[in-house]
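Visitor: Generate a structure from the sequence data that follows.
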Amino acid sequence: MKNTQLYPFERNNYFYGKLLSVEDFNSEQKYMDDKRRLINRLVHGVGVVCGLNVVRVDDTTISVESGMAFDTTGREIVVDKPVTKKLGMLSGFDTSLNTGSSAYVYLCIEYSEGAKGAAHNIVSGSGENSDRIKEGYNLYLTTSEPEDDINSTDNVYEQSVTVFWNGSVRIRHVMPRFVNPDTSFPFRVEIETYSRQFTAFSYDIQLVCLNCAADGSSVLKVNFDEKLLEKTGKYTLTYDLTAANVNDTDATATPDGSTFKIAYDKTPVEGEISGGSSVKITDRDLYDAIALESFDHSMDTELRKTLGQRLYLARINLVSSVGTSIIDSIVNVPFGQYVTSNMLLSALGRNGKNYGKKSSYSPAAVDDKPGRTDRPTDIASGVCRINLNEGSLKNRVFFSDEIYHGIGLGSVTIILAAVTESGTIYGSPSVFRDEETQYELAAKLDPARGSFIVGVKTRSTTLQGYIDVKWTAIRDVDEKTAEKRNMKITIKPNSLVIRPRETKYLEAVCSNMTNKTVRWSVSPAAGGEIDSNGMYTAPNVEGVYEVIAQSAVYPDVKASIMVVVRG
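Guide: From the prediction side, this is the model:
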């Protein structure tokens, strides 16, 4: 559906004797679809409604859970069952991943529809007409960044502006949209780095109708040195600013480009910082100001400001390995594109007068904790529905689709339970006399794929069309202990004598590990450089240094060698 114009609306006027044509029936469908989609867009919003979590299956494979989302025109995107995809099979792979140069890539989803089935045309005799139009979705990869005005709940009450981005470092300024006169508020500088090098920068921000709460200055000095922090790739600097005692005025915070300096590992590089952010100073109640701004938007402006905007399901962080890229970790819904229901708003305390306050709960931050990797957990659970197409027959067997439990390969224990109206029953339902319908449940595990299949056998006649089965997967303790005990990393060569500034390739050999991704480091930090592929470059200074290879998924598993640098 390429036509995204939802209005004006026209509906059929029926009367006796009216000759109905194909256009009339198509118009009837379009009228109902456009009305529903307009409500979806303006009342509910844009983003993920539920589900659609992206999980890592192996080094090059992801799985998208079932779920639903609204796109920027209000169309429903439904993933009815989990789907597993190789990155190489997704659209956009050739331009995004196969060069092995990207530090990350975005997984996006879009609405699609297509013809299904053929129908005979009794007028023309042609069989080329489609019988149905099937709504679906497309998954694709991109490295394109979203615009700053991406539709999310946070953007209702705060403004985020990118002032610097060079492919390796992103700097954003985040300010509330409204503040009261002569009051203090937090001003955030959010930094993301995608380089193994340490980033440092400084610049001044010129403030108009604002001043620093600490010293009253109209110039805010920003200084950042990644080397002084634990390297996580994501940082936030928070400054307290005070609004001037004025009303109905736009206050601004503009970076001074002439003062901007940036360096990687203390080596200066070129870069320009530009843009700026603003905040409206008003004596109105902040909740009222936010609500009125939303109400004042014309419908056309509201619909078109995000038209064509991508729906980002995940940011997939990558590690280069032998000319290709493998999955390191996954951050779900990286730009907070969620559709928040009124029930959830109430539960989180973000309705009423609290709506303009930033909640400490952020769905997008669940998978974005510093230092977190997408490693397998010890337990997982879910519910699968098995259709009983011939459920009225006794002793019939039905099977679920393949289910990925997500806690790694190897031996796991699967516990099954039947979900009934009277409760959830573990084990044999025949023990409970009030259970009229009897089921046998079984699970077949595939340890090599990290998945299983659930089977259901009816032991008595049933009129049910389906059965819900709750499953719990628990990683076997013995399996986990044995796996960790046998894991080992060996570095080849096991010792190295090298000249200053000479380079040498080091190989990390991983034994008994399903994920062989390693992170390299040098101790002390001045002892040279090593890239993600193991290419070590000695420093200018002679000495003895330690090179460390650490598992990206199992931090306790690591190895090191001593490197002697001498002329």
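Visitor: Wasn't residue 171 part of a strand?
Guide: Yes - according to DSSP: H, G, I helix; E, B strand; the rest coil, residue 171 belongs to a strand.
Visitor: Neighbours of the nearest residue to it once chain neighbours are set aside, how many?
Guide: Excluding its sequence neighbours, the residue lying closest to residue 171 (CB to CB, 6 or more residues apart in numbering) is residue 164, at 4.1 Å. C-beta coordinates here come from the backbone N, C-alpha and C atoms, glycine included. Taking other CB atoms under 10 Å as the neighbour definition, residue 164 ends up with a count of 21.
Visitor: quick one: contacts for residue 164?
Guide: 170, 171, 260, 262, 271, 272, 273, 274 (CB atoms under 8 Å, 6 or more residues apart in numbering).
Visitor: Same list (these) but as a markdown table, adding distance to residue 394.
Guide: Converted to a markdown table, the contacts of residue 164 look like this (distance: CB to CB, whole Å):
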| residue | distance to residue 394 |
| --- | --- |
| 170 | 62 |
| 171 | 67 |
| 260 | 77 |
| 262 | 73 |
| 271 | 73 |
| 272 | 75 |
| 273 | 73 |
| 274 | 73 |
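Visitor: which of these count as buried?
Guide: 170, 171, 260, 262, 271, 273 (16 or more other CB atoms under 10 Å).
Visitor: What is the nearest of these to residue 236?
Guide: Residue 236 lies nearest to residue 171 out of those, by CB to CB, at 11.2 Å.
Visitor: Isn't the closest one up against residue 165?
Guide: Yes - in terms of CB atoms under 8 Å, residue 171 counts as a neighbour of residue 165; the distance is 7.5 Å.
Visitor: Relative to residue 514, how far out is the closest residue to residue 447 other than its chain neighbours?
Guide: Closest residue to residue 447 apart from its sequence neighbours, by CB to CB, 6+ apart: residue 410 at 5.3 Å. Separation of residue 410 from residue 514 (CB to CB, to the nearest Å) stands at 8 Å.
Visitor: Is residue 165 bridged to anything, and to what?
Guide: residue 170 (DSSP bridges).
Visitor: Verify the contact between it and residue 190 for me.
Guide: No - using CB under 8 Å, residue 165 is not in contact with residue 190, being 11.9 Å away.
Visitor: who touches both of the two?
Guide: Residues touching both residue 165 and residue 190 by CB under 8 Å, 6+ apart: residue 171.
Visitor: how near is residue 474 to residue 65?
Guide: When CB to CB is the yardstick, residue 474 and residue 65 sit 20 Å from each other.
Visitor: where does this protein have its least confident helix or strand?
Guide: None of the helices or strands of the chain scores lower by mean pLDDT, DSSP states H and E than helix 477-486, at a mean of 57.
Visitor: what residues does stretch 559-567 touch?
Guide: Contacts for stretch 559-567 (CB under 8 Å, 6+ apart): 488-491, 493-500, 506, 508, 527-528, 536, 538-539, 541-549.
Visitor: 6 Å instead?
Guide: 489, 491, 494-498, 500, 538, 542-549 (CB atoms under 6 Å, 6 or more residues apart in numbering).
Visitor: Buried only: go through those for me.
Guide: Buried among the contacts of stretch 559-567 (16+ other CB under 10 Å): 489, 491, 496, 498, 538, 545, 547, 548, 549.
Visitor: Longest helix in this structure, please.
Guide: Secondary structure of the chain per DSSP state H: the longest helix is helix 22-39.
Visitor: And it, what's buried?
Guide: 30, 34, 37, 38.
Visitor: List of residues touching that helix?
Guide: Counting by CB under 6 Å, 6+ apart, residues outside helix 22-39 touching it are 6, 11, 12, 73, 74, 75.
Visitor: what bridges to the most centrally placed residue in the chain?
Guide: Compute the mean C-alpha point of the chain, and by CA atoms, centre = their mean the closest residue is residue 332, 2.0 Å away. Here residue 332 sits in beta bridges with residue 314, as judged by DSSP bridges.
Visitor: doesn't residue 42 make contact with residue 74?
Guide: No - applying CB atoms under 6 Å as the test, residue 74 and residue 42 come out as separate, 7.8 Å apart.
Visitor: ok, the two, which is more surrounded?
Guide: More neighbours surround residue 74 than the other of residue 74 and residue 42, with 24 against 14 (other CB under 10 Å).
Visitor: Quickly name whichever of the buried ones among the contacts of stretch 559-567 is closest to residue 158.
Guide: Nearest to residue 158 among these, counting by CB to CB, is residue 548 at 40.6 Å.
Visitor: Which helix or strand contains the closest one?
Guide: strand 543-551 (DSSP states H and E).
Visitor: what are the pairing partners of that strand, and which direction each?
Guide: Neighbouring strands of strand 543-551 in its sheet, by DSSP bridges, are strand 518-523 (antiparallel), strand 558-565 (antiparallel).
Visitor: Could I get these in CSV, plus columns for distance to residue 204, mean neighbour count and mean pLDDT?
Guide: Formatted as CSV, the strands paired with strand 543-551 follow (distance: least, CB to CB, whole Å; neighbours: other CB atoms under 10 Å; pLDDT from 0 to 100):
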stretch, distance to residue 204, mean neighbour count, mean pLDDT
strand 518-523, 34, 18, 89
strand 558-565, 41, 17, 88
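Visitor: burial measure for the residue nearest to residue 447, as a count.
Guide: Neighbourhood size, residue 410 [other CB under 10 Å]: 17.
Visitor: ok, now residue 379?
Guide: 12.
Visitor: ok, now residue 84?
Guide: Neighbour count of residue 84, defined by other CB under 10 Å: 15.
Visitor: Sticking with it, tell me its helix or strand.
Guide: Using DSSP H and E, residue 84 falls within strand 83-86.
Visitor: could you give me the average pLDDT of the helix or strand hosting residue 241?
Guide: Using DSSP H and E, the element containing residue 241 is strand 234-243. Strand 234-243 carries an average pLDDT of 89.
Visitor: Show me what the next helix or strand after that strand packs onto, helices and strands only.
Guide: Using DSSP H and E, the helix or strand that follows strand 234-243 towards the C-terminus is strand 249-264. Counting contacts by 3 or more CB pairs under 6 Å, 6 or more residues apart in numbering; DSSP states H and E, strand 249-264 packs against strand 199-208, strand 277-281.
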